[in-house]
Each structure stands twice: as structure tokens, then as C-alpha cells.
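here is my input, please return the structure:
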Amino acid sequence: MELRIARHTNNLEPLITFYTQLFGLSVLGSFQNHDNYDGVFLGKPDLHWHLEFTTSPEKVTFQFGEDDLLVFYPKTIQEYEQLIKNIEQYQIQLLTPKNPYWEHHGMLIADPDGYRIVISNLKVS
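Numbers count the residues shown, from 1 in each chain. Down below sits the predicted model:
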């Protein structure tokens, strides 16, 4: 089974930059003017999941809750440290999670749409 997480956005280019530069994801594919939608697939070729972001002339109003999260689990200390370095380099603000569990087991940031992302330290070796 494969997983695609899809979300509409008003900020396609900033999201592409954010997820490729910060997380090292690749552009796996894209499309333009497909029934008035443009979009991009971001991920890594060897994984069974990817993110899809779409945009269209219709503007979206975001209503993310504080517990709506993407959680990334870096596998190695090097990958974790690189993410921290990228967060510092791009001056991304750390946020306080609503769920205190994530305060002890990761760090919380937001993407250009304001969607919250946890970078967990649980599986780092």
C-alpha cells in the first residue's frame, strides 16, 4: 500500500521550497492545468508515501487545528541534526505544541500555510 497526503494551497511555490530545502524531499512529479488545478508530488523515490499540494484559482481558507500534525521521524542522528540545522538556517520559528507529549519527544514548526509539523526525536539512532 502507498500513502498520499493531499492538500490544497494558495502557496504552492513556497511549499515546494519549504519541503525540498528543509526536509530534503524531491519533486516526484507535477501537473499543470488539470481541470484548473496545478500540483506537485513531493517525497523520496524509495518511500511508499508522498505529499501532494494543489492550487487553483479558488482560494482556500485554512482551518487547521492545533493537533492537526504531520509527524516526521528521522532515522539517524545525522538526519535529525541536519533538520535542526536547516530550521536554524532558514530561521523557522519553533512553536509550543498543544499536546505536551511532543514537547518532550520532538520539536514543532509550521509550514508556509501554517500547518504544524513535528520533527520527532523518538526513532533517532
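
please make it C-alpha for all contacts and neighbour counts, starting now.
OK.

care to break this structure down by domain?
Annotated domains of the chain cover 3-55, 69-120 [automatic domain parsing].

what about the residue of the chain positioned farthest from its centre, distance to Ser56?
Residue farthest from the centre of the chain, counting by Cα atoms, centre = their mean, is Asp35 at 25.1 Å. Separation of Asp35 from Ser56 (Cα to Cα, to the nearest Å): 9 Å.

likewise Asn86?
Asn86 is 30 Å from Ser56, where distance means Cα to Cα.

cool, and Trp102?
34 Å.

ok, now which ones touch the closest residue to Arg7 other than its chain neighbours?
Spatially, and ignoring its direct neighbours in sequence, Arg7 is nearest to Phe53 (5.1 Å; Cα to Cα, 6 or more residues apart in numbering). By Cα atoms under 8 Å, 6 or more residues apart in numbering, the contact list for Phe53 reads Ala6, Arg7, His8, Thr9, Leu12, Gly39, Val40, Phe41.

per-residue pLDDT, the residue most central in space within the chain?
The residue lying closest to the centre of the chain (Cα atoms, centre = their mean) is Tyr19, at 5.5 Å. Here the pLDDT value assigned to Tyr19 is 98.

before we move on, what about Ser125?
68.

ditto for Gly24
Looking at Gly24, the pLDDT reads 95.

what are the phi and psi angles of it?
Phi and psi for Gly24, reported as degrees, to the nearest 10, are phi 70, psi 20.

so it versus Lys98, what's the distance?
27 Å.

who's more crowded, those two?
More crowded of Gly24 and Lys98, by other Cα atoms under 10 Å: Gly24, with 17 against 12.

ok, now how distant is the more buried one from Lys44?
In this view, Gly24 and Lys44 are 8 Å apart by Cα to Cα.

am I right that Glu79 sits in a helix?
Yes - counting by DSSP: H, G, I helix; E, B strand; the rest coil, Glu79 falls inside a helix.

quickly note the distance from it to Leu22.
Distance from Glu79 to Leu22, by Cα to Cα: 11 Å.

any stretches of this protein with poor pLDDT?
With pLDDT under 70 as the threshold, the chain has low-confidence stretches at 125.
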